[in-house]
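Participant: sharing a sequence plus its predicted fold:
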Amino acid sequence: MQEPLISTADFGPLPDGQTAQLFTLRNGRGLEARITNYGGTLTHLLAPDKDGQPGDVVLGFDAVGGYLSETYRQAGPYFGALIGRYGNRIKQGRFRLDGHDYTLATNNGPNHLHGGLRGFDKVLWQAEVLVEPTPALRLTYISPDGEEGYPGTLTVSVVYALTPDNALRISYAATTDRATVLNLTNHAYFNLSAGAQPDVLGHELQLHAERYTVVDDTLIPTGELRLVQGTPFDFTRSHAIGARIGQVPGGYDHNWVLAGGEHFRLVATAHEPGSGRTLEVRTDQPGVQFYSGNFLDGSLTGKNGRPYGRHAGFCLETQHFPDSPNQPAFPSTVLRPGELFSSATEYRFGVQR
Ligand code: BGC
């Protein structure tokens, strides 16, 4: 019997007595995604390898408890979570908008990171299963005015859908009742070997970006958009992630300025030679944070008892540039009443022999 395209299961209890749900989506062509409404988190993503064998290509846990543990919260890797209201950092948790100063939580050294103490990764989203035209899950969250210090009631909806050509498509929409800033993304960590390799240093990566945003020692952009040419940040041609990582203190954790403005276009391709799996990333966003899992240190054990050591996975977080609210020359992250924010990113899986 064919498996249903969508099924639902309990994912475990939350501290407030509610139960998290786990939704499994299948496209009938080998792609399977599991998503929990806790944090809108992508927990599993199964894609075929060059022999047609499915393997789980993202880091995460088998039950919601993994995402709630103190060790996990302290480490703050945000495995597979929806990130909001603001992906990445805002300098010193401060910004000015329309003459008002706003103060946010500083949860990453002196800075604000990934929405604050209780960002969108830590809230329970309302979930709705959609079947047509493809298996999909719509998650909705209404962030109250003033939450984590941000102005405006923000209504956010995110749809995870599986396409017939083996892509996971994530579509974001948001409206506000007061001027605010936002930068929504997903924080999946990929390991295309499905765990056969403990790290991603052997993955080959191409990024369609000629510049990256230079950061200070707290990872806040200085404002400079530097050419990648002649540096270890040059992925305009495919390179192994590990080939030059030693030349980047701390490893890759930077925003690349994507070519092609804000059109939906191919921005990144990754390939893992052992499994043959490929990943193509398409987005309408102006930037991507390529993070090579530098802060993973083996203290977290994920699905199948796998310890997640340094560089166990890599992220391609499609987004606006970090600290845009304080950088007038960067593409704007301001959303005003009456406007609809909408954006899409696709992660498409294939094989290359
Ligand atoms: C940031 C890293 C951070 C990681 C996990 C990435 O988006 O750029 O600096 O450690 O998320 O929180």
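Facilitator: Arrived safely.

Participant: from here on, just use CA atoms for contacts and neighbour counts.
Facilitator: OK.

Participant: before we move on, which element is the residue of the chain found nearest the ligand in?
Facilitator: Closest residue of the chain to the ligand, Cα to the nearest ligand atom: Pro77 (4.1 Å). Using DSSP states H and E, Pro77 sits in no helix or strand.

Participant: ok, now which ones touch it?
Facilitator: Pro77 sits next to Phe295, Leu296 when contact means Cα atoms under 8 Å, 6 or more residues apart in numbering.

Participant: just the one 5 residues further on next, same as before
Facilitator: Taking Cα under 8 Å, 6+ apart as the definition of contact, the neighbours of Leu82 are Gly39, Gly40, Thr41, Phe120, Asp121, Leu184, Thr185, Asn186, His187.

Participant: what's the neighbour count on the last one?
Facilitator: This means His187. Applying other Cα atoms under 10 Å, we find 25 residues neighbouring His187.

Participant: quick check: pLDDT value at it.
Facilitator: With respect to pLDDT, His187 scores 98.

Participant: now the fourth one
Facilitator: Per-residue confidence at Phe120 stands at 98 (pLDDT).

Participant: right, and it touches Arg85 too?
Facilitator: Yes - using Cα atoms under 8 Å, Phe120 is in contact with Arg85, at 6.8 Å.

Participant: quick one on the thing from earlier: could you check how far the residue of the chain closest to the ligand is from Leu184?
Facilitator: Remark: distance between Pro77 and Leu184 (Cα to Cα, to the nearest Å) = 16 Å.

Participant: what does Gly313 give?
Facilitator: For Gly313 relative to Leu184 (Cα to Cα), the value is 20 Å.

Participant: just curious, which of the contacts of Leu82 is nearest to Pro331?
Facilitator: Distance ranking of those against Pro331, using Cα to Cα, places Leu184 first at 14.1 Å.

Participant: could you give the average pLDDT over the helix or strand containing Ser7?
Facilitator: Element membership of Ser7, judged by DSSP H and E, is strand 6-13. Mean pLDDT, strand 6-13: 97.

Participant: ok, now stretch 260-268?
Facilitator: Stretch 260-268 comes out with an average pLDDT of 93.

Participant: and what of stretch 51-64?
Facilitator: The average pLDDT for stretch 51-64 rounds to 98.

Participant: show the end-to-end separation of that stretch, please.
Facilitator: End-to-end distance of stretch 51-64 (Cα to Cα): 32 Å.

Participant: flag every buried residue along that stretch.
Facilitator: The neighbour-count criterion (16 or more other Cα atoms under 10 Å) identifies Pro54, Gly55, Asp56, Val57, Val58, Leu59, Gly60, Phe61, Asp62, Ala63, Val64 as the buried residues of stretch 51-64.

Participant: check stretch 37-52 too.
Facilitator: By 16+ other Cα under 10 Å, the buried positions in stretch 37-52 come out as 37-50.

Participant: turn those residues into CSV, columns for distance to Phe341.
Facilitator: Shown next, in CSV, are those (distance: Cα to Cα, whole Å):
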residue, distance to Phe341
Asn37, 21
Tyr38, 23
Gly39, 20
Gly40, 18
Thr41, 21
Leu42, 22
Thr43, 26
His44, 27
Leu45, 27
Leu46, 30
Ala47, 30
Pro48, 34
Asp49, 36
Lys50, 38
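
Participant: who in the protein is up against the ligand?
Facilitator: Neighbours of the ligand within the chain, by Cα under 6 Å from any ligand atom: Gly76, Pro77, Tyr78, Asn88, Asp253, Tyr291.

Participant: so which of those residues is the most crowded?
Facilitator: Among these, Asn88 has the most neighbours (other Cα under 10 Å), with 27 neighbours.
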